[in-house]
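Asks: A predicted structure for the sequence below; I have some questions about it.
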Amino acid sequence: MERTTRNGDFATRLIAWHGGHGRHDLPWQNTRDPYRIWLSEIMLQQTQVDTVIPYYARFLARFPDVVSLAAAPVDDVLALWSGLGYYARARNLHKAAQAVVARHGGGFPRSAAEIAELPGIGRSTAAAIAAFAFDERAAILDGNVKRVLCRVFGIDGFPGERAVEQRLWALAEELLPHTGIGTYIQAQMDLGATLCTRGKPACGRCPMADICVALREERVAELPAARPKKAMPQRHAQVAVIVADGTVLLERRPPTGIWGGLLTLPEIPGDSSDPAGWVAARYGLRPGEAKALPVLNHVFTHFRLEITPLLLEVDGHGRMAADADHRWLALDSLADAGLPTPVRRILAELAGSGGDLLSPRGAG
DNA sequence: TTCCGGTAGC
DNA sequence: GCTACCGGAA
């Protein structure tokens, strides 16, 4: 009962607000022609009102009804769409026009369920068309509506997530008024587009301000919840910690890419199953058997790197000469070397172990 | 540079 | 249930 009152409140407030503050003069309003409404809804997907207006006018001038659209070559349709983006919308529009002419003899299907069967028209768009053209009591759930519902009713979770989306659909249906559906749907769109915006919503002018959960709990900025960060690609690398007589071999990386031009631990190719052999072949050293050091994870902006350091000890007398791209760094003077953080960590761990990780002096 | 978004298609 | 689509806006 409490719920019913509050929900009745929602529609009533919305419709009342729309009377004074909604948009009433857009080119696709004040018509009940399903073709014009359909065209506007498709153009308004992913595209803002101001961008759509000139396209809409040009399109209607060339294709005033579904029959003329169906009869046109698809390239003509695409030409009129050029610049709007998401060209699948135009292809589907054309296909759907042909389906309407073929299946319904040019009469537009009159229920949301039938409309939703046309290409390019999903549940929300079908509901909008059915509501505007035929007064069908059907709920919409586009990005604007999701944002409004998440905030007003304090719904947590990412709306792209299945459970959250289902909850929002259920709520949207529950909130539908029994009369004035067209005005209500338009008001929903307008509220999300003009006041309850993503960036800086105008809560001071919002008709929902005194029932809005997000506003009351100061969570307007957090709702709706953002898309969870997708797991970054995970990469793996083996690096050689080649130690000779208290020094470690550093190698300059290629000038571009990660750590471009920096001195780092040599990276052992991932396909090398014999690190000691690889070190021997590449540097002319004769290391003992490789010892795995603790794995270390490093996060970049665009991927995670799991680094497996392999300790390879060589005889101090076998040290190759340093050159521009190779340097033997004393383990007790890490501080003044400009090293990437993970490399510094690995070496600090080694140096800080008090030599526990290293064999007795002179081994190799 | 990153985020956003209906629908289709996987 | 994930991504591509494409342009605009933050």
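Replies: Received it, and whenever you're ready, just let me know what you need.

Asks: In the stretch 201-350 of chain A, where is pLDDT below threshold?
Replies: Low-confidence segments of the stretch 201-350 of chain A (pLDDT under 70): A:230-233, A:256-257, A:271, A:300-302, A:336.

Asks: Helices along that one, start to end?
Replies: Secondary structure of the stretch 201-350 of chain A (DSSP state H, counting those that start in this stretch): helices located at A:213-216, A:275-283, A:341-352.

Asks: can you tell me the residue of chain A closest to DNA strand C?
Replies: residue A:85 (2.7 Å; C-beta to the nearest atom of the strand). C-beta coordinates here come from the backbone N, C-alpha and C atoms, glycine included.

Asks: For that residue, list the residues it contacts.
Replies: Residue A:85 sits next to A:46, A:47 when contact means C-beta atoms under 8 Å, 6 or more residues apart in numbering.

Asks: What residue spans form the domains of chain A?
Replies: Following automatic domain parsing, chain A resolves into domains at A:3-216, A:234-351.

Asks: now the strands: where do they sit in the stretch 101-250 of chain A?
Replies: With DSSP state E, counting those that start in this stretch, the ranges of strands along the stretch 101-250 of chain A come out as A:234-244, A:247-252.

Asks: DNA strand B is nearest to which of those?
Replies: Closest to DNA strand B of those is strand A:234-244 (C-beta to the nearest atom of the strand; 17.2 Å).

Asks: Name the nearest residue to residue A:163, sequence neighbours excluded.
Replies: The shortest distance from residue A:163 to any non-neighbouring residue, by C-beta to C-beta, 6 or more residues apart in numbering, is to residue A:157 (7.1 Å).

Asks: if I look at the one you found, how far off is residue A:223?
Replies: For residue A:157, the distance to residue A:223 (C-beta to C-beta, to the nearest Å) stands at 10 Å.

Asks: For these two, indicate the residue with more neighbours.
Replies: residue A:223 (23 against 16; other C-beta atoms under 10 Å).

Asks: Might you report the residue contacts of residue A:88?
Replies: When contacts are counted by C-beta under 8 Å, 6+ apart, residue A:88 touches residue A:120.

Asks: Show the pLDDT at it.
Replies: Per-residue pLDDT puts residue A:88 at 93.

Asks: and what of residue A:3?
Replies: At residue A:3, the pLDDT value in this model is 43.

Asks: what residues does chain A put near DNA strand B?
Replies: For chain A, the residues in contact with DNA strand B (C-beta under 7 Å from any atom of the strand) are A:45-46, A:85-86, A:88, A:92, A:118-126, A:142-144, A:146-147, A:160, A:198, A:226-227, A:229, A:301.

Asks: If we use 6 Å, what do you get?
Replies: With C-beta under 6 Å from any atom of the strand as the criterion, chain A comes near DNA strand B at residues A:45-46, A:86, A:92, A:119-125, A:142-143, A:147, A:226-227, A:301.

Asks: Show the buried residues in those.
Replies: The neighbour-count test (16 or more other C-beta atoms under 10 Å) marks A:45, A:92, A:120, A:121, A:123, A:124, A:125, A:142, A:147 as buried among the residues of chain A next to DNA strand B.

Asks: Can you tell me the element the second one falls in?
Replies: Using DSSP states H and E, residue A:92 maps to helix A:88-104.

Asks: Go ahead and confirm residue A:329 touches residue A:247.
Replies: Yes: between residue A:329 and residue A:247 there is a contact under C-beta atoms under 8 Å: 6.0 Å.
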